[in-house]
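In: Generate coordinates for the sequence data below:
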Amino acid sequence: MIKKIDKNAIRQKRHTRVRGKVSGTAARPRFNVYRSTNHIYVQLIDDVCGVTLCAASTVEKEIALAIKDMTKVEAGKVVGLAAGNKALAMGITEVVFDRGGYLYTGRVQGVADGAREAGLKL
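Out: Here you go, the predicted model:
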């Protein structure tokens, strides 16, 4: 019998391992990325207080309209730019990047590039 590899379980294990080392504070929150097959979500999290400071995703109406005819990588860049602008509006300039166990390529890299474009220091 052929056993199919559960890539999400492997990703979650990798994410748990990395989360032991990466933690966000109010001054330097964790810039967390989650991607599903159709959407990408970003949160800025203060792990000390356990609160989400701000978030952006492709599900939001403004972003969904902007990315209508874009590729997923370009959409990731738009989401990163939106999250970066929200963070700068809150006075946050520096964050800890948490790629969520995903490889740093494609959409995840697009999110990081968009956040840097907005002026965040990752």
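
In: who are the neighbours in contact with the residue nearest the centre of the chain?
Out: The structure's the chain has its C-alpha centroid closest to residue 33; by Cα atoms, centre = their mean the separation is 2.3 Å. Counting by Cβ atoms under 8 Å, 6 or more residues apart in numbering, residue 33 touches 40-42, 97-100, 102, 108, 111. All C-beta spots, glycine's among them, are computed from the backbone N, C-alpha and C.

In: between these, which has the most around it?
Out: Within the contacts of residue 33, neighbour counts (other Cβ atoms under 10 Å) peak at residue 111, which reaches 32 neighbours.

In: Do a quick rundown of the helices in this protein.
Out: Taking DSSP state H to define them, one finds helices in the chain at 7-19, 61-66, 72-89, 107-118.

In: The closest residue to residue 121 other than its chain neighbours: neighbour count?
Out: Closest residue to residue 121 apart from its sequence neighbours, by Cβ to Cβ, 6 or more residues apart in numbering: residue 94 at 4.5 Å. Per other Cβ under 10 Å, the neighbour tally for residue 94 reads 12.
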